[in-house]
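**Student:** Need coordinates for the following:
(one chain, ligands or ions: 2)
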Amino acid sequence: MGYVVSIIGGGSLYTLPLLQTLCSHGDGFPIDRILMYDNDKDRQRPRYMAAKILVKDMSPHTEVFEAESLEKAVKNVDYVLVQIRTGGLDMREADEKIPLLYGCVGQETCGAGGLMYGMRSIKDTLEITDAARRLSPGSWVINFSNPASVLAEAVRRYWDDGKIVYLCDMTVLMLDVFESVLGLQKGELRPRYFGLNHFGWFTNLYDKSGRDRLEELRKLLIQGDAVPAELKGDEDWVSTFRRLGRMLKDFDGYIPSTYLQYYYYPEEIVKSSDPQNTRAHIVKKTKEKRVENICSNIIHRSTTAGSGLGTNGSGKYIMDFIEATLHPDENREFLIPVKNGGAIPNLDRDATVEIPCIVSRDGVRKLFVGEVPHFYKGLIENQYASERLVVDGVLENDLDKCLKGFVLNRTIGDINTAKALLTDMLAQNKEWLPELYERSRRLLE
Ligand code: G6P
Ligand code: MN
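**Tutor:** Numbers count the residues shown, from 1 in each chain. Ligands and ions are numbered 1, 2, ... in the order given. Alright, predicted model coming up:
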């Protein structure tokens, strides 16, 4: 008997590379059935048609279905893989563009854009989690939707469950780079890390012999431009990794996630951004076009061979995680956002922190991290309070809390800016947040 896997957000650009990885595991991860669901049926259709061909080529015993409803998609399944983008790439564009018009960082998961993306996605996320828990109580619910910190925080209010997890490939992409710069084997480094999602720091990097290579790596990263192989042709990611060297030059100590650039250099980032040509535009022109081409290629030729379809880092990471969940005692480590509960004693016990966890068939167990120094503690507390307030704001329909969340965010700060920005963004998001939108119309009076 094989497994049943559900993919929620089947229309995603990540679906086909993910399926390619899942289906290439043969007896290691036999799949009987894959159920695909997307609330945008038209977007999922070509992915589904290509998926049927992919499965025929790679895993003929697996069946793929297009589920008619969320309920049908998550009923009696073993793994629910969630990769939604509420509002699609058009709303990503709004999240990135509007803050820039107010002189603030415009980014998918950081600053005002990240907060609003989270606010917009909470309802869908809770509905999916609720359906999965009602209809497949023991299943793994693996989310790789963004923004992971905000969504993990919202989900945790209702479920305290070691089999609902948020995964992010950023730290893995960074580890790939670290290993290649140090001349190590892929997967060799064992990281120690703390923070929030897209807001954390590597504190130690142990190689196979147990030696900490962080200091050596810091020096090498400052000297050169290191970029993950997968992102080499992508100008935005090249400059992001270039700034990593800058961050290390500016501050002693731990190695930050690349996303800290938005909080360390907001002014510089705003100056170098163009509200009319944000990352969403580029993704539409490049990644989306490429996936659409690959998809129609597979469909027209009825085979994946020669279509240009390949695996990607994110899909491989999800498969690594699934492998860890198949064993009772392999005890593999992953960096996952979980409830602090004392793992970092000098931070709120209730905070959702991204730290090393042990993963096995029974669920996720966190490792003890220890106290964090004041600089990081200050940054984390500030960011966590900002994210937590917007989660409270959405769950309670409390505009005042959302505004406080915006004001607290390092990339915003000023109350007048926060008011105008929140009002403008809620107007764009009224379809998803109607009550908050109504309330926001009084905010500028
Ligand atoms: C990394 C992050 C993801 C994010 C993605 C954006 O992989 O970990 O959370 O969604 O980058 O990449 P893109 O090419 O869409 O800007
Ligand atoms: Mn991520």
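**Student:** so who does the residue lying closest to Arg157 once chain neighbours are set aside touch?
**Tutor:** Of all residues not flanking Arg157 in the chain, Leu395 sits nearest, at 6.8 Å (CB to CB, 6 or more residues apart in numbering). To be clear about C-beta, it is placed using only N, CA and C from the backbone, and glycine gets the same treatment. Neighbouring residues of Leu395 by CB atoms under 8 Å, 6 or more residues apart in numbering: Ile122, Ala154, Arg157.
**Student:** And the buried ones among these, selectable in ChimeraX?
**Tutor:** Selecting only the buried entries of the contacts of Leu395 in ChimeraX, with 16 or more other CB atoms under 10 Å as the criterion:
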select :122,154
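**Student:** and the spatially closest residue to Asp250 that is not a sequence neighbour, what is it in contact with?
**Tutor:** Nearest residue to Asp250 in three dimensions, chain neighbours excluded: Tyr264, at 7.2 Å (CB to CB, 6+ apart). Tyr264 makes contact with Met247, Asp250, Pro256, according to CB under 8 Å, 6+ apart.
**Student:** Ser257 is in contact with the first one, correct?
**Tutor:** No. Under the criterion of CB atoms under 8 Å, Met247 lies out of contact with Ser257, with a separation of 9.6 Å.
**Student:** give the contact list for whichever residue of the stretch 151-300 of the chain sits closest to ligand 1.
**Tutor:** With distances taken as CB to the nearest ligand atom, the stretch 151-300 of the chain approaches ligand 1 most closely at Met170, which sits 3.6 Å away. Applying CB under 8 Å, 6+ apart, we find Met170 in contact with His198, Ser257, Thr258, Tyr259.
**Student:** ok, now Ile282?
**Tutor:** Contacts of Ile282 (CB under 8 Å, 6+ apart): Asp236.
**Student:** next helix or strand past the strand or helix carrying it?
**Tutor:** Per DSSP states H and E: Ile282 is located in helix 279-283. Using DSSP H and E, the helix or strand that follows helix 279-283 in sequence is helix 289-301.
**Student:** ok, Thr129 to ligand 1 distance?
**Tutor:** 19 Å (CB to the nearest ligand atom, to the nearest Å).
**Student:** wait, what's in contact with that residue?
**Tutor:** Counting by CB under 8 Å, 6+ apart, Thr129 has contacts Val141, Val155, Tyr158, Trp159, Ile164.
**Student:** Need the buried ones from these selected in PyMOL.
**Tutor:** The buried residues among those can be selected in PyMOL (16+ other CB under 10 Å) with this line:
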select buried, resi 141+155+164
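**Student:** which two in the contacts of Thr129 are spaced the farthest apart?
**Tutor:** Maximum pairwise distance in these, criterion CB to CB, is 12.3 Å, between Val141 and Tyr158.
**Student:** could you point out the longest helix in this structure?
**Tutor:** Looking across the chain with DSSP state H, the single longest helix is helix 111-135.
**Student:** Throw the contacts of Thr129 into CSV and include pLDDT and secondary structure, thanks.
**Tutor:** Formatted as CSV, the contacts of Thr129 follow (pLDDT from 0 to 100; DSSP: H, G, I helix; E, B strand; the rest coil):
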residue, pLDDT, secondary structure
Val141, 98, strand
Val155, 97, helix
Tyr158, 97, coil
Trp159, 96, coil
Ile164, 97, strand
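**Student:** The helix or strand harbouring Val181: what's the following helix or strand?
**Tutor:** Here Val181 sits within helix 170-182, counting by DSSP H and E. Proceeding N to C from helix 170-182, the next assigned helix or strand is strand 190-196, under DSSP H and E.
**Student:** Stretch 339-359: which residues count as buried?
**Tutor:** 339-340, 343-344, 347-348, 351-359.
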